[in-house]
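[1] Give me the fold of what follows.
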Amino acid sequence: MLWPALADAHFNQDAEALKKLLAGDVVQHADRIVTDHDRKGPEAVSLFFAKYYANYEDQQCVLHVGRRGIWRFVLDSSLKVKEIWFLRQLTREEKKHRLNYRPSQLYSDFHAKSLVGPTLDLSEKQIAKMHAAAEAFNEAWRTGDPSAVHDLLAPDCHTINPVFGDKKASRQEWEETLKDVFRFWQVKSNTVDIAVTPSSNKAFIWWHVQGVQKDTKQDNDMYGLNLLVFDAQRDMLIKDIVGYRQPLQSEVEHIFKAGSYQDKLSEARLVGELPRF
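    Predicted coordinates:
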C-alpha cells in the first residue's frame, strides 16, 4: 500500500525511498516562504527532501500533520504521488534568514500542542457532521460571514496559525478576526478539498483562493491547509483550528527578504557557515 510506504520513507528520512513513490510529472508547490518556486520531477523533489532531512534530523512528523506543518498528497491513476503541498512553521534560523524584521504579532515562537489521537469509532452521522462543519468553515472564509459555522464552533474554540504565530482563544475572537480580514480582502474564486478521518476527530481542508487585497489593489493567488479538531464529548463541535497559508503578496514584499531559504542555505555552505537548527 502506498500510504504506509510514504509514511515509512518520511519517518526514516529516506529521500531515495520517497523518490520511488513519485510520478514522473510530480510537482511540489512552493510555499513562498521557505521555497519561492515549484519543484517539478522526481529528481528535484527528492533533492529538496534530501536537504530537508539533512537539516531537520530531530523532526518527528506524521505525513498528514506534524509538529510544524501539514501535508497534502495527490495521487495519479497509477497511485504515484503527482502533487505535494507542504506548509509549516518557520524555525528560528529560517526567521533570521527570511525576515526583514520581526513584527510583534507575526512569527512568534509558537509551539503547537500535540493533536495526535484519539482513535475513535465514529458513526456515519458524526462523520457527516464533521464534513458539513468543514464545508461551513470554508463557506465562512469564502464569504466573510461567520454565521454559517457559528453553531458548529465550541465557545472556547482555540485557533492557531503556526506560520504567523497568531493565536485566538475563543469563537468570538475567531469571528472578529474573520470580519477584520474581509475589511481588506475580497474573494474572487475559491476551490476546496475536504478529507475527514473516519477513525479520528479531525477534518483536513486544502483550499486555493484568488482574491484582491482592497487596500493595495493587489491580486493574490494562494493556497492553504487547515486542520479542524472536533470534540466527540460535545456533539462534534470544532474545538481546535490549525491554519497554514501562503503569505499575501504585500506580506512577501514587506516582511520577507529576497531569495528562498534554500538559496540562503547554499550561500552559507559556500562560506563555511552552516546554520544551526
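[2] Tell me the spacing between the nearest residue to residue 15 once chain neighbours are set aside and residue 32.
    Sequence neighbours aside, residue 50 is the residue nearest to residue 15 in space, at 3.9 Å (criterion: CB to CB, 6 or more residues apart in numbering). All C-beta spots, glycine's among them, are computed from the backbone N, C-alpha and C. Counting by CB to CB, to the nearest Å, the separation of residue 50 from residue 32 is 22 Å.
[3] Compare these two and say which is more crowded by neighbours.
    Shown here are residue 50 and residue 32; by other CB atoms under 10 Å, residue 32 has more neighbours (20 against 16).
[4] Quick one: classify the more buried one as helix, strand or coil.
    coil (DSSP: H, G, I helix; E, B strand; the rest coil).
[5] On the three-state scheme, the residue nearest to residue 15 is what?
    With three-state DSSP as the criterion, residue 50 reads helix.
[6] On the pLDDT front, check residue 126 for me.
    At residue 126, the predicted lDDT confidence score is 93.
[7] Determine whether the claim that it is in a strand is correct.
    No - counting by three-state DSSP, residue 126 falls outside a strand, being helix.
[8] so it makes contact with residue 232?
    Yes - assessed by CB atoms under 8 Å, residue 126 is found in contact with residue 232 at 7.3 Å.
[9] higher neighbour count, these two?
    Higher neighbour count among residue 126 and residue 232: residue 126, with 18 against 15, using other CB under 10 Å.
[10] excluding its backbone neighbours, what's nearest that one?
    Once flanking residues are discounted, residue 126 sits nearest to residue 236: 5.4 Å by CB to CB, 6+ apart.
[11] what do you get for residue 147?
    With sequence-adjacent residues excluded and distances taken as CB to CB, 6+ apart, residue 147 is closest to residue 140, at 7.9 Å.
[12] And the contacts of whichever strand or helix holds the one you found?
    Following DSSP states H and E, one finds residue 140 within helix 124-143. Taking contacts as CB atoms under 8 Å, 6 or more residues apart in numbering, the residues outside helix 124-143 that touch it are 122, 145-149, 152, 178, 187, 190, 192, 194, 196, 198, 201, 203, 205, 207, 209, 226, 228, 230, 232, 235-236, 238, 241.
[13] same deal with stretch 188-197?
    Stretch 188-197 has contacts (CB under 8 Å, 6+ apart) with 64, 72, 127, 130-131, 134-135, 138, 141-142, 202-212.
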